[in-house]
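S.K.: the following block contains a protein sequence and its predicted model.
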Amino acid sequence: MSDVMYKDAHEHSERDSQPNVIKRVLPELLDIRRGELVAIKFHPGDYGNTTHVRPVVIRAIVDVVKEEGGEPFLTESTVLYKSKRFDGRGVVEVAAMNGFTHASMGAPFIVADGIRGDDGVVVEVGGKEIDEVEVASACAKADYMIVVSHGKGHPASGFGGAVKHLGMGCLTKSGKRKVHVVCQPVVDVEKCTGCGKCVEACPWDAIHVVNQKAEIDREKCAGEMSCASACPEGAISEPAGSREKMQMRLGEASLAPIKVLNKNITYINWVYQITAGCDCFKFSNTPMTEDVGILFSHDPVAIDCATIDLINEKMFLHEYQNVNKLRDKLEGVWEVSPWIHIESAEKLGAGSSKYVLTKI
Ligand code: SF4
């Protein structure tokens, strides 16, 4: 049974503000020694996304770490899909555009897996799906890590929170590829018109149009599926059962940062602006439901279970109202279970789904 602390989204005074809640709660949870390097791992949002975690929240965490004697730095890894954030330079540039600069945060921003996304430490996890996976260097080599996740929906895993952050966000490109590669898509040649839109979408140079039909090079393909979204004919799809396999891999990979950091991690789930999609989206849709609040824990599985349960208690709004009749509303949003990756993480020992929620 793991402890999860929770402050709801209602604010009645300055004491309730998000920075003040963090300054009140976080010192009790941190176990850092003077001079230790403390990674604050968060998703600063892609360019165009405006529902990512607020700079003022990250700044409050930086201030607490300094108060506790630590040496904080902000960090995020490069991505697998076509984006400004594909390389380390772009990660820093987009973070700055979204408000996360050294000047505003009071701490430097360091790209977790280096300029090309290949700076990491291989960690054995011994899972059913994956044996080892590469953790981004700045996460693996820190003395302590605070993982700050935006609790929200996700098209690939149903939910994006702490477990997904560990099993994807804390990995190098090679690590991310290992999780995704089972989703290498197939092309329906009957539907393919040879338009080449998938070629443009792929950052891995893995698709070529030959004789008016798209062909995928399996050696190069990372399985990140941007091509499927880009195809106007719906000619590209993932193989049956691959999504579930990827979710299981995601859960298993989440153990790697925990192991390499010897569990020296605190988790914060920031559950505001609860969008259906993730902060990798280059836009922000209207939130699906009202804000939940902020959660704290030492257990990534417990904090995610509590977050999903709290989201499911809310009434969903706008185009998501049809999920209100379901027991698991979040699952209904993408018709993707949010539990597969979390159960896989628990099975390998990343945490416990049994939690005690303490309201603060
Ligand atoms: S985008 Fe779709 S239709 Fe166009 S070449 Fe690729 S698979 Fe074929």
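M.R.: Sure, I can see it. Numbering: from 1, shown residues only.

S.K.: which residue, other than its chain neighbours, is closest to the residue of the stretch 251-360 of the chain found nearest the ligand?
M.R.: Closest contact between the stretch 251-360 of the chain and the ligand, by C-beta to the nearest ligand atom, is at Lys282 (18.9 Å). For glycine as for every other residue, the C-beta is placed from the backbone atoms N, C-alpha and C. Closest residue in space to Lys282, ignoring its immediate chain neighbours: Gly48 at 4.0 Å, by C-beta to C-beta, 6 or more residues apart in numbering.

S.K.: identify the residues contacting the one you found.
M.R.: Gly48 makes contacts with 281-284, as judged by C-beta atoms under 8 Å, 6 or more residues apart in numbering.

S.K.: spell out which parts of the chain neighbour the ligand.
M.R.: With C-beta under 6 Å from any ligand atom as the criterion, the chain meets the ligand at residues 187, 192-198, 209, 214, 230-231, 233, 235-236.

S.K.: out of those, which comes closest to Asp16?
M.R.: Of all these, Ala230 has the smallest distance to Asp16: 43.8 Å, by C-beta to C-beta.

S.K.: residues in contact with the closest one?
M.R.: 197-198, 200-201.

S.K.: so where do the helices sit in the protein?
M.R.: Listed in chain order, the helices found in the chain under DSSP state H are 18-29, 55-67, 88-97, 102-105, 137-140, 162-164, 173-180, 197-201, 226-230, 242-253, 255-260, 300-313, 329-334, 340-348.

S.K.: most packed of those?
M.R.: helix 162-164 (a mean of 31; mean count of other C-beta atoms under 10 Å).

S.K.: thinking again about what came up before, sort out for me which of the residues of the chain next to the ligand are in strands.
M.R.: Secondary structure from DSSP state E places 187, 209, 214, 236 of the residues of the chain next to the ligand in strands.

S.K.: what's the neighbour count on the third one?
M.R.: In other words, Ala214. 26 (other C-beta atoms under 10 Å).

S.K.: contacts only, for the closest residue to it other than its chain neighbours.
M.R.: In space, and not counting its chain neighbours, Ala214 is closest to Val187: 4.9 Å by C-beta to C-beta, 6+ apart. Taking C-beta under 8 Å, 6+ apart, we find Val187 in contact with 213-216, 235-236.

S.K.: re earlier: now for the ones in strands among the residues of the chain next to the ligand: which two are most distant?
M.R.: Top of the distance list for these (C-beta to C-beta): Val209 and Ile236, 12.5 Å.

S.K.: neighbour count for the two, which is higher?
M.R.: Ile236 (24 against 16).
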